[in-house]
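J.: Mind looking at a prediction? Sequence and model below.
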Amino acid sequence: MIETVLRSEDLPVADRFAWWREMTSQTLTPTEITSDHSDDFRACFRLLDLGAAQVSVLSYPSLRSRRTPALVRRSDPELYHLALTLRGRQSISRCRRDASVGVGDLLLYDSSHPSDASAFPDDGSAVEGIVVNVPRTAIPLPAAKVDRLLGSPLPGDSGMGALLSQFLIRLAPESDAYRPQDAIRLGGLTVDLITAFLAHHTDTEDSAPPESRQQALLAGIHSFIECNLTDPQLSPAIVAASHHISVRYLHKLFQGQSFTVSAWIRQRRLEGCRRDLADLQLSDKPIGFLAARWGYVHASEFTRAFRRAYGVPPSTYRHEALHGGQLTDRRLRASRRSDDLMPG
């Protein structure tokens, strides 16, 4: 995965606003940007290049961004932009339609039409959001129907919107754990989730390719597993029943994932335990308590699973993480290389 992290604080104060305008024009879409904070523009930009999609995580002060008719005529990369607001408020005006979005809302717009957008923080600090760039040609739905959604707020707290939002929110913070080959799969999954989300809101589910619907189902299953890792009873049978599919079909969905359902549940639990063991704020909690937080009822079972995954007992890992670090880092890198070999 190609990840770029840029911060205005790394630049001289006088250069920060010009840098932001240039950088967003190159990575998103060329626009005219103005801001009351241009004298000392404090912003952060994180870009994940997933091949089929680009995901940008942004933090910035209040500003206005205009995609003028002249800019559209000069250059149109023919992109859809799907924005998720994490903090603050945003408004957009396009084709004589005005819309406002707040925290948790999704907004679809594109590079092919003029627009006038403004963003304001609620508490005077910063606006935060995620923007996904996807080529218009990558969305296999009737363009005329998708375009009807442009500039209209879409719910991100229920149904397909919640699934898509949760996926995007989790995508960036965990990028350090991804391997280069993960980028292609994650890019395809991002496009599939957006396709399923737009198909739902345009009543064109039947137009979406079967693989997109399958990937959306798989993403929902992953989200369900994440939300229920603390349940000791979590199993392939529980996962299948919760999604109204057979266990056999569930295993079929995971055939292309390089791990089984049980292996994925175990891996995610162990990763949660590993993070807790290395957390200084949890250093006073017994190891058995941390294991129970992630669905392990028996301490001996957890110890065996942890040693198998990371090469050392949990107590040794915790000591290294809190007092050393280098040995722990080497063990962690080695465990990541062997993740695909974990049996179900």
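T.: That came through, no problem. The structure displayed is predicted, hence computed values, not measured ones.

J.: Could you report the neighbour count for Leu217?
T.: 18 (other CB atoms under 10 Å). All C-beta spots, glycine's among them, are computed from the backbone N, C-alpha and C.

J.: hang on, I meant Glu320
T.: 19.

J.: Over to Ser100?
T.: Neighbour count of Ser100, defined by other CB under 10 Å: 12.

J.: just Ser315 next, same as before
T.: Per other CB under 10 Å, the neighbour tally for Ser315 reads 12.

J.: so what's the backbone phi/psi at Thr230?
T.: In terms of degrees, to the nearest 10, the main-chain angles of Thr230 are phi -80, psi -10.

J.: Sorry, wrong one. I was asking about His298.
T.: Main-chain torsions, His298, degrees, to the nearest 10: phi -110, psi 120.

J.: give me the number of residues near it?
T.: There are 12 residues near His298, going by other CB under 10 Å.

J.: What of Pro140?
T.: Residues lying near Pro140 (other CB under 10 Å) number 15.

J.: Then it would be within a helix, right?
T.: No: going by DSSP: H, G, I helix; E, B strand; the rest coil, the assignment for Pro140 is coil, not a helix.

J.: Pretty sure it sits against Leu198.
T.: No: using CB atoms under 8 Å, Pro140 is not in contact with Leu198; the gap is 10.1 Å.

J.: Tell me which residue of the protein is furthest from the middle?
T.: Within the chain, Ser300 marks the point farthest from the mean C-alpha position, 34.3 Å out by CA atoms, centre = their mean.

J.: Where does pLDDT dip in this structure?
T.: For the chain, the stretches with pLDDT under 70 are 1, 174-179, 205-208, 325-344.

J.: And the strands in it?
T.: Under the criterion DSSP state E, the chain contains strands at 2-7, 32-34, 44-49, 54-60, 63-67, 79-87, 89-94, 97-101, 105-110, 115-120, 127-135, 153-155.

J.: Adding distance to Glu226, write these out as CSV.
T.: As requested, those are exported to CSV (distance: least, CB to CB, whole Å):
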stretch, distance to Glu226
strand 2-7, 22
strand 32-34, 36
strand 44-49, 19
strand 54-60, 19
strand 63-67, 34
strand 79-87, 18
strand 89-94, 28
strand 97-101, 26
strand 105-110, 20
strand 115-120, 30
strand 127-135, 18
strand 153-155, 21
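
J.: got the residue ranges for the helices in the protein?
T.: Using DSSP state H, the helices found in the chain span residues 16-27, 69-74, 143-147, 159-171, 182-202, 210-227, 236-242, 247-253, 261-277, 287-293, 299-310, 314-323, 326-337.

J.: Buried residues, the third one. List them.
T.: Of the residues in helix 143-147, those buried under the neighbour-count criterion (16 or more other CB atoms under 10 Å) are 146-147.
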